[in-house]
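J.: quick one: sequence and predicted model below, then my questions.
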Amino acid sequence: MMAEKKQNAPLSDAELQDMVASADAGARSPAGSVGTFLAVLAIIWSVFQIVLASPISNMILPGSVINSSRQIHLGFAIFLAYMAYPAFKTSPRHYIPYLDWGLGILGTFCALYGWIYYAELVNRPGLPTSLDIFAAAAGLVLLFEAARRALGPAMAIVAIVFLCYVFFGAASWVPEVIRWKGASLNKAMSHMWITSEGVFGIALGVSTKFVFLFVLFGALLDKAGAGNYFIKMAFAALGHLRGGPAKAAVVGSAATGLISGSSIANVVTTGTFTIPLMKRVGFSSEQAGAVEVASSVNGQIMPPVMGAAAFLMVEYVGISYVEVITHAFLPATISYIALVYIVHLEAVKRNMPTLQKASGKAAGVLATALSMLGFFLGFAALCYATQYPVRWITSALPAGSGMILAILLAAIYIGLLYMAAQVPDLEPDDPNDPNIVLPEVSEIYKSGLYYLLPIIVLVYFLMIEQKSPGLSAFWATSLLIFILITQRPLKAIFRGESEMAERFKDGVVDLLQGLIDGARNMIGIGLATAAAGVIVGTVTLTGIGQVMADLVEFVSGGNLILMLVFVGILSLILGMGLPTTANYIVVSSLMAGVVVELGAANGLIVPLIAVHLFVFYFGIMADVTPPVGLASFAAAAVSGGDAIKTGFIGFFYSLRTVALPFVFIFNTDLLLIDVTMMQGIVVFLVSTAAILVFTAGTMGFWMTKSKIYESIALILIAFMLFRPDFFLNYLAPEFETKPASEVFTMAENSDAGDSLRVRLIGESIDGNAVDSQFLLPLGDKSGDGAARLFDSAGIEFREEDGKILVDNLNFGGPAEQLGIDFDWELAELQVKADRMAKEVFFIPAFILLGLIYMLQMARKRREDGLVGEQA
């Protein structure tokens, strides 16, 4: 019994930090000159990435360096991986063995091979040389070993399996359905390492250009003290409510998600404070850990960073960053709202006590919710309104506008810092203190308002100016560097202290440590994107994507729901061993096209962004789900609870994250695709109501404990609110067909920006029959129907023997990218049918909800009366 109790005891702060280091930044920290050398190297990497993202990089860095930035990025990652991550658990942690030095140096040479021999590789025609093959083969082996150390064995194993398929795909023991002709060593190594199709492909490019700056931004923001400020503010605002510590954990984790791309780090950062307080008010160890896990993992679906997936989606889907954020915003927001509601229902079910505020006075639930909504709306309005004074200054004084805006921003920063200096600096609280008192928002908000400035700058450049993510992060990071260096000495001046030099030195130390943390946090991400490039390279080299489509169609029997379940399970299984970013790259490369293709064959045109978000949502669930669920193990280490049980409860709390992807595949309104602003507001309100009703149904509690039939009814109501078109489609078809001969007339008469929905039948290049539906964009309303089709969709039709056939495709045009081929027959056109609005089904849904409400309230009054009589 004593041994069991000891095993389940919470870990100490030192042990928790060691866990985070082992998972995210490497468990090895050598001292002395070697430690200094590695710290300097990490700082150099961070500075290099900042310069690379700067608008003057072309003037500072040679062209060969910019063109080979992916190689340099991977060189830093591989070398630091061998330095920071021991080979085995028993390997030394306080010094670096000679073997690791040798492997690190050789791995760096292989990574930098493309830069070192840049001129020769660019100008040399013909086959790769022996040195090319050696560098590629050795580089892949060393990359896989570095990935094994930093990410666990799964990433390396998956990559090796795909690489073996490249070589042995023609073997007789390979199932015939996935067999291919195989590739030579020269072809495979050149494809994977020398070209930009494999390791040095899009994923590593995104890691180099965008992800590093955002990870560094988060590390610097945390080092500045923003993490503690966000947690304090969340507790001040929500801690007094029933189940307040858990609600504060949810909101604090959402805010911390801005500055942490790691669910494990998020769990430990906020969980060390929130989990003990949750246990104090009545949550079990496993429940407290599960709330923290669900909150922290959800931080990866919250824009603007989304665990680096947002930037990858820009490249893979081919839409702007603003569009990705717009589509991802609503599901992430209502998911967090539902999590707060889950916590609220748990607290009400258990009649949990509340924590005392310092003043003894506390706002009610409605007042708190409205004040928080007001804050977020005010912050959004501030970010949006920033454009007007900026544009006025730039138009009035174009020559000196940059300097004026910099001075104005500095003045605002100094003003906010002066406010912060008037109150004490926020110190982390001890959650185990029996006399802990919640702070007042009015007393602490001044202490960190200036932390919002870099975030406003980031949002402004991303959303208003619509600059590239890398450039936006550069300007926000530059401001943050300035804040780190100056905040301590300026506070000392405002407080009348004399230790200016010491405070300035502390600021420089904070900056250097932030640069080191940012680089170390990027090691795993850099290796993950590089190793995932092997999988992507295999797909492009072998054409296995089409094979996977056939396999999934066979397994699912062509049923779209079963196919989506299959893809979701595959994402979950792969995610159990892969970090979120790598899992997203792998599954989206294999499955995104499959979902789109099979959806079209089933009459459902699924936007590519919906498919990528579907894959991403299931991938992040692997951090929760046993038996691997690393975030669940981290939470259990903090709470002292059982890790497996924590994972299962966390998965139960995350059911809405599992359900939402299926919803937005079939109802793209949830992704704000092709909706007006008014429609968007309605979608937000109805979706929020739907997710809250779904939460109440799955929790078995609303106004009071639900009967089974009430829970089923609540889930049905949620489905009606999420998918009103499902019921309408049984009453009236969504589309009506038009003959193919009207294609040119309909194309000519369609409004600007419309799409033409067509059904095409034909034969694919590998001989398979095709019968699918496609959306052909029509663009501006100019020219006749044939001209609009070719100019906007890149397709021409001809009439032959009474049939309309595909005559020509514009190379790289939308039609070709959709997979349309020559001589396919246009079978029919489909137009929206004139039918009632699907929103009509909201009425019976809300009526049924009202009936359940009345039933539960009547039962609750009877139960309260019985309790009163017994008292």
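T.: All right, it came through fine.
J.: end to end on stretch 443-460, go ahead and measure it.
T.: Across stretch 443-460, the terminal residues are separated by 28 Å (Cα to Cα, to the nearest Å).
J.: buried ones in the helix or strand V161 falls within?
T.: Under the criterion of DSSP states H and E, V161 resides in helix 153-168. Of all the residues in helix 153-168, those buried under the rule 16 or more other Cβ atoms under 10 Å are 154-156, 158-160, 162-163, 165-166. Using the backbone N, CA and C atoms, a C-beta is placed for each residue, glycine as well.
J.: how distant is the next helix or strand after that helix from the center of its chain?
T.: Next helix or strand after helix 153-168 toward the C-terminus (DSSP H and E): helix 185-189. Remark: helix 185-189 is offset 34 Å from the chain centroid, using Cα atoms, centre = their mean, to the nearest Å.
J.: and the residue nearest to H94 when sequence neighbours are not counted, what pLDDT?
T.: The shortest distance from H94 to any non-neighbouring residue, by Cβ to Cβ, 6 or more residues apart in numbering, is to P30 (6.1 Å). We have a pLDDT of 79 for P30.
J.: what mean pLDDT does stretch 572-590 have?
T.: Mean pLDDT, stretch 572-590: 73.
J.: how about the CA coordinates for that stretch, as PDB?
T.: This file holds the C-alpha atoms of stretch 572-590, laid out as PDB (Å, rounded to 0.1, in the frame of the first residue of the first chain):
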ATOM      1  CA  LEU A 572      -5.400   8.800 -33.800                       C
ATOM      2  CA  ILE A 573      -3.200   5.800 -34.100                       C
ATOM      3  CA  LEU A 574      -0.400   7.700 -35.900                       C
ATOM      4  CA  GLY A 575      -0.700  10.500 -33.400                       C
ATOM      5  CA  MET A 576       0.000   8.200 -30.500                       C
ATOM      6  CA  GLY A 577       3.600   8.200 -31.500                       C
ATOM      7  CA  LEU A 578       4.100  11.300 -33.600                       C
ATOM      8  CA  PRO A 579       4.000  14.900 -32.500                       C
ATOM      9  CA  THR A 580       1.000  16.900 -33.700                       C
ATOM     10  CA  THR A 581       2.800  18.600 -36.500                       C
ATOM     11  CA  ALA A 582       4.300  15.400 -38.000                       C
ATOM     12  CA  ASN A 583       1.100  13.500 -37.600                       C
ATOM     13  CA  TYR A 584      -0.800  16.300 -39.500                       C
ATOM     14  CA  ILE A 585       1.800  16.200 -42.300                       C
ATOM     15  CA  VAL A 586       1.700  12.400 -42.600                       C
ATOM     16  CA  VAL A 587      -2.100  11.900 -42.500                       C
ATOM     17  CA  SER A 588      -3.000  14.900 -44.600                       C
ATOM     18  CA  SER A 589      -0.400  13.800 -47.300                       C
ATOM     19  CA  LEU A 590      -2.000  10.300 -47.400                       C
END
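J.: what's the first helix or strand after the strand or helix carrying N228?
T.: Assigned by DSSP H and E, N228 belongs to helix 226-238. Using DSSP H and E, the helix or strand that follows helix 226-238 towards the C-terminus is helix 244-256.
J.: by contact count, what packs against that following helix?
T.: helix 226-238, helix 263-280, helix 285-298, helix 321-349 (3 or more Cβ pairs under 8 Å, 6 or more residues apart in numbering; DSSP states H and E).
J.: can you list those helices in a markdown table and add distance to F822, mean neighbour count and mean pLDDT?
T.: Output for the helices and strands packed on helix 244-256, formatted as a markdown table (distance: least, Cβ to Cβ, whole Å; neighbours: other Cβ atoms under 10 Å; pLDDT from 0 to 100):
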| stretch | distance to F822 | mean neighbour count | mean pLDDT |
| --- | --- | --- | --- |
| helix 226-238 | 56 | 24 | 81 |
| helix 263-280 | 47 | 27 | 75 |
| helix 285-298 | 46 | 30 | 83 |
| helix 321-349 | 31 | 21 | 85 |
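J.: which stretch among the ones you listed comes nearest G201?
T.: Smallest distance to G201 across the helices and strands packed on helix 244-256 (Cβ to Cβ): 19.3 Å, for helix 321-349.
J.: what's the angle from the closest one to helix 244-256?
T.: Angle between the axes of helix 321-349 and helix 244-256 is 170 degrees (criterion: axes from the mean of the first three to the mean of the last three Cα atoms, to 10 degrees).
J.: nearest residue to A786 other than its sequence neighbours?
T.: Nearest to A786 is F744, by Cβ to Cβ, 6+ apart, at 5.5 Å.
J.: quick check: that neighbour is in a helix.
T.: Yes - secondary structure assignment places F744 in a helix (DSSP: H, G, I helix; E, B strand; the rest coil).
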